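**Q** can you look at this prediction? I've put the sequence above it.
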Amino acid sequence: MNLPLFIATRMQKTGHYKSSVSGRIIKIAIITIAISMGMILISVSSGKGLQMEIKKKTTAFNGHLQIVPFENNQSEISISPIIDSIEIKKKVEKRPEVIHVHGTATKASIIKNQDNFEGVFYKGVDIDYRWEYLENFLDEGTIPNISDQISNEVIISKEISDRIKIELGSYIDAYFYENINQNYPNIRKLKVVGFFSTGFPEIDKSFIIGDIKNIKSINKWEENHIGNYEVFLSDINFIDKIGNIIYNDLPSNLDVLGLPQKYPDVFQWISLFDFNIFIIFIIMIIVGIVNTSSAILILILERSKMIGLLKSIGSNNLLIQKVFIWNGISIIGYGLFWGNLIGLSFYFSQYYFKWIKLDPKIYYADYVPVYLNFSDVIFFNLLFLIISGILLCLPIIIIGRISPAKVLRFN
């Protein structure tokens, strides 16, 4: 029989334990630990969720990596074309981390509907473009039909459609300039077949997507010319590693841009979420430990006569300390149970009902996205339990200083 555990269990079941001052303090400690763990899981799930949602949106429209000409590596507009080379594609696709590679091109344009004008970037894609990356953001309509023949179908953002007051299935006039010395623009009549919305202002306010052959025609490019390659990886964490490998395999006139280089401000901002989660964890664990230690200290002082009695019949300090360690673990255990219930309740309710909304102009999402896996829950629970267990030993040291002769005196 585990004697310390037995004594601790009997202590918790007594009516005196529940109605005493220490009993009330212990309840407060359990509530504090529950709130602390709940806040940790809420901050982790919302922080990771927002990071993943923003990365998902930027990746869908840009790929994880872009292979671009050196003279064009920081421009949204495809200035100089590159040759769509089978050899380059094979070099890139041989990496197991690479899922897909396709060519695109981008050109500035002014679109017009009646008396409404809007400056946009026309992004041209080809037959091999994987539309499934954008399907989650398609609010209405269908994707453009891109084939061997030039297509005039485009999808535009809901934000742009509201500004120029265009309806689904209507036509817009798009004005392009081949170069700055051109007196009259090239005009294309484009049919709007779909509306998309990402909640990402840099994309929603600027881009329309259609056939790359329109750009080739306007720029007088060859059939095998493209503006850049977009490379999709199996994991966003491979960007730096695979980017360096691909760069070393490319001709000297090509460069590789990672997604963080394209949107440095956004990625610097979301990287702060990890720091915020760390700060919240530290604050919450300090609050939980202080309350638990206080509860155990009060319990020890309240049970000083029991400690003196146990010592008088031959119990050593270690056995008595184990009794209160089991009490501490019990407090932490109850607190973690309710804390997990709070955190997971928030996670599942927000995941399915999306009841907390955000301003997409600030947070790039119209609701709080959440992400939490089983390993996250286990990790933070174990970390909380280990740190609390170690620091729980501090108030228990006082047991060694309790003298049976002093606490067992009768008045």
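**A** Noted; the coordinates are in hand.

**Q** all helices of the stretch 1-150 of the chain, in order?
**A** All helices of the stretch 1-150 of the chain, identified by DSSP state H, counting those that start in this stretch, fall at 3-13, 15-19, 21-62, 86-93, 132-135.

**Q** where does the chain dip in pLDDT?
**A** In the predicted model, the chain carries pLDDT under 70 at residues 1, 4-5, 8, 11-22, 71-75, 179-182, 399-411.

**Q** which parts of it are strands?
**A** In the chain, the strands defined using DSSP state E lie at 65-69, 82-83, 98-113, 116-125, 138-141, 153-157, 171-176, 186-196, 207-211, 225-226, 228-233, 254-258.

**Q** could you dump the ones you listed to JSON lines with distance to residue 329?
**A** For the C-beta atoms, the positions are set from N, CA and C on the backbone; glycine is no exception. Below are the strands of the chain laid out as JSON lines (distance: least, Cβ to Cβ, whole Å):
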{"stretch": "strand 65-69", "distance to residue 329": "49"}
{"stretch": "strand 82-83", "distance to residue 329": "63"}
{"stretch": "strand 98-113", "distance to residue 329": "46"}
{"stretch": "strand 116-125", "distance to residue 329": "58"}
{"stretch": "strand 138-141", "distance to residue 329": "52"}
{"stretch": "strand 153-157", "distance to residue 329": "55"}
{"stretch": "strand 171-176", "distance to residue 329": "67"}
{"stretch": "strand 186-196", "distance to residue 329": "52"}
{"stretch": "strand 207-211", "distance to residue 329": "56"}
{"stretch": "strand 225-226", "distance to residue 329": "63"}
{"stretch": "strand 228-233", "distance to residue 329": "44"}
{"stretch": "strand 254-258", "distance to residue 329": "46"}
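
**Q** mind putting those in JSON lines, mean neighbour count included?
**A** Listed next are the strands of the chain as JSON lines, based on neighbours: other Cβ atoms under 10 Å:
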{"stretch": "strand 65-69", "mean neighbour count": "22"}
{"stretch": "strand 82-83", "mean neighbour count": "18"}
{"stretch": "strand 98-113", "mean neighbour count": "20"}
{"stretch": "strand 116-125", "mean neighbour count": "19"}
{"stretch": "strand 138-141", "mean neighbour count": "14"}
{"stretch": "strand 153-157", "mean neighbour count": "24"}
{"stretch": "strand 171-176", "mean neighbour count": "18"}
{"stretch": "strand 186-196", "mean neighbour count": "19"}
{"stretch": "strand 207-211", "mean neighbour count": "24"}
{"stretch": "strand 225-226", "mean neighbour count": "21"}
{"stretch": "strand 228-233", "mean neighbour count": "23"}
{"stretch": "strand 254-258", "mean neighbour count": "20"}
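
**Q** which of the helices of the stretch 1-150 of the chain sits closest to residue 272?
**A** The closest of these to residue 272 is helix 21-62. By Cβ to Cβ, the value is 9.4 Å.

**Q** helices or strands up against that closest one?
**A** helix 132-135, helix 201-204, helix 259-262, helix 264-302, helix 317-353, helix 374-391 (3 or more Cβ pairs under 8 Å, 6 or more residues apart in numbering; DSSP states H and E).

**Q** reformat those helices as CSV; add mean neighbour count and distance to residue 98.
**A** Shown next, in CSV, are these (neighbours: other Cβ atoms under 10 Å; distance: least, Cβ to Cβ, whole Å):
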stretch, mean neighbour count, distance to residue 98
helix 132-135, 14, 15
helix 201-204, 19, 23
helix 259-262, 18, 14
helix 264-302, 17, 21
helix 317-353, 18, 30
helix 374-391, 15, 26
